[in-house]
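*Asks:* here's my sequence, what's the structure:
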Amino acid sequence: MDTLAVLFEGFMKKILFLFLIGVGMTIFFAAKNSIPVSMETDMPLRPSDAAAAPVVIDTYDSMRKPVQMTFERVPERVLVHQMNMLETILVLGQADKVVCVTMSSSSASHARLAEEYPEEYAKLPEVTGKELSREALIMSRPNFFLGWGSTFAPRQYGTTYWWNERGVKTYIAGNSNRFAKRVTVDEECKFIDDMGRIFHAREKSDAVIREIEDELRLDSAETQNRAPQNVMVVEITDRTIVNYDDRDLVGDMVRRLGGRIAIQSRRLSPEEVIAADPDVIFVTYFGAADRPRAEQFFRNIRFNSLKAVKNDRIYLLPFSHMYTSAIKTVDGLRTIKKGLYPDL
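*Replies:* Okay, the predicted model is just below:
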């Protein structure tokens, strides 16, 4: 009998060992095959959050379909992708909610943020200036992920569905990757308002929106008798001239400030620019490394006949001020307004 007991005990230990291995493999493959695994945190509600009504926000999913996200409380563990979104969070005083920042950005950009928002920037986790892996983002145990449409591409950080299934709410800025039907200044104001509502910071978000609205106001007495100005907004690459038109946010900025985009085409040759002969040209650039090329391009002798060159009306416009610009919308409007009305 003792021999049988020993054999039975050994047999049961093997069964238990195999069972534990099976459970471990099931969890592993569940994660690999996108079976929902919640990353929700069990943080207690703050008194102010508990008393506030849920906030319902209109946004988009990865398939560009309008969806609603309901926030029962202020997100406490936020992932942020892209510089303008991060800066918006800093302006609203919500840096303490950020657990991870993922974006490819220069040290100069971060130095600027640290200088302009020292108290808020100091609350951020370490910012590397690099795109992090999805695994690194998961390790931060987020409950809200804020990004562009491209953020939630399957090969980038995974779809909105992938994150939602794991208890993480998502928000896609409508103007990013043209998710919204029309890319407009109003859509940027909606983003800022949405952030104010989500983070219960309406006073600060309303102040930013009022600043944008003030820049859009023109003194009709000084502008009503002027002929509409033809405007070109271009990006200079190694191979071509990229043109931004009415389908882009900057096109709406130009229109709202009384200008008119000269050409509705994505790619231009130097000859087409010369033929269009716009009154004003804005040259966009991505960072310090791109700025010299943007500054030098229209100094080439071939463009000497352009009105914009003769009248010294070529202006530099940072890309972040004209694409999914968020908090930088007001800076983009100011640059364009100054270019259109240098005498005002």
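*Asks:* quick one, helices of the stretch 51-200 of the chain?
*Replies:* Along the stretch 51-200 of the chain, counting by DSSP state H, counting those that start in this stretch, helices occupy 83-91, 107-116, 118-121, 134-139, 160-164, 185-198.
*Asks:* please identify the deepest-packed of those helices.
*Replies:* Among those, helix 83-91 has the highest mean neighbour count (mean count of other C-beta atoms under 10 Å), at a mean of 24. To be clear about C-beta, it is placed using only N, CA and C from the backbone, and glycine gets the same treatment.
*Asks:* residue 254: neighbour count?
*Replies:* 30 (other C-beta atoms under 10 Å).
*Asks:* list the contacts for it?
*Replies:* 231, 233, 260-261, 336, 340 (C-beta atoms under 8 Å, 6 or more residues apart in numbering).
*Asks:* out of these, which end up buried?
*Replies:* Among the contacts of residue 254, the ones that count as buried by 16 or more other C-beta atoms under 10 Å are 231, 233, 261, 336, 340.
*Asks:* which among the helices of the stretch 51-200 of the chain is found nearest to residue 213?
*Replies:* With C-beta to C-beta, the closest approach to residue 213 among those belongs to helix 185-198: 7.8 Å.
*Asks:* any idea of the mean pLDDT for that closest one?
*Replies:* Here helix 185-198 scores 98 as its mean pLDDT.
*Asks:* on contacts alone, who are the packing partners of that helix?
*Replies:* Counting contacts by 3 or more C-beta pairs under 8 Å, 6 or more residues apart in numbering; DSSP states H and E, helix 185-198 packs against strand 55-60, helix 83-91, helix 202-216, helix 249-256, helix 329-340.
*Asks:* a markdown table for those, including mean pLDDT and distance to residue 155?
*Replies:* Below are the helices and strands packed on helix 185-198 laid out as a markdown table (pLDDT from 0 to 100; distance: least, C-beta to C-beta, whole Å):
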| stretch | mean pLDDT | distance to residue 155 |
| --- | --- | --- |
| strand 55-60 | 98 | 18 |
| helix 83-91 | 96 | 20 |
| helix 202-216 | 97 | 33 |
| helix 249-256 | 97 | 25 |
| helix 329-340 | 96 | 30 |
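*Asks:* columns distance to residue 167 on top of the ones you listed, output as a markdown table?
*Replies:* Formatted as a markdown table, the helices and strands packed on helix 185-198 follow (distance: least, C-beta to C-beta, whole Å):
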| stretch | distance to residue 167 |
| --- | --- |
| strand 55-60 | 17 |
| helix 83-91 | 21 |
| helix 202-216 | 26 |
| helix 249-256 | 32 |
| helix 329-340 | 32 |
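*Asks:* for residue 172, which of those is the nearest?
*Replies:* Short answer: strand 55-60, nearest of these by C-beta to C-beta, at 4.5 Å.
*Asks:* need the contact partners of that closest one.
*Replies:* Contacts for strand 55-60 (C-beta under 8 Å, 6+ apart): 66-71, 149, 160, 170-172, 174, 179-180, 194, 197-198.
*Asks:* quick check: which of the helices and strands packed on helix 185-198 is nearest to residue 280?
*Replies:* Nearest to residue 280 among these is helix 329-340 (5.1 Å), distances taken as C-beta to C-beta.
*Asks:* give me the domain ranges for the chain.
*Replies:* The chain breaks down by automatic domain parsing into domains covering 47-214, 222-340.
*Asks:* so which residues of this protein form strands?
*Replies:* 55-60, 66-71, 78-81, 98-102, 144-147, 169-172, 229-236, 241-244, 259-261, 267-268, 280-285, 314-318 (DSSP state E).
*Asks:* for those, give me a markdown table that also has distance to residue 187.
*Replies:* What follows is those, written out as a markdown table (distance: least, C-beta to C-beta, whole Å):
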| stretch | distance to residue 187 |
| --- | --- |
| strand 55-60 | 11 |
| strand 66-71 | 13 |
| strand 78-81 | 18 |
| strand 98-102 | 23 |
| strand 144-147 | 15 |
| strand 169-172 | 12 |
| strand 229-236 | 18 |
| strand 241-244 | 16 |
| strand 259-261 | 18 |
| strand 267-268 | 25 |
| strand 280-285 | 19 |
| strand 314-318 | 19 |
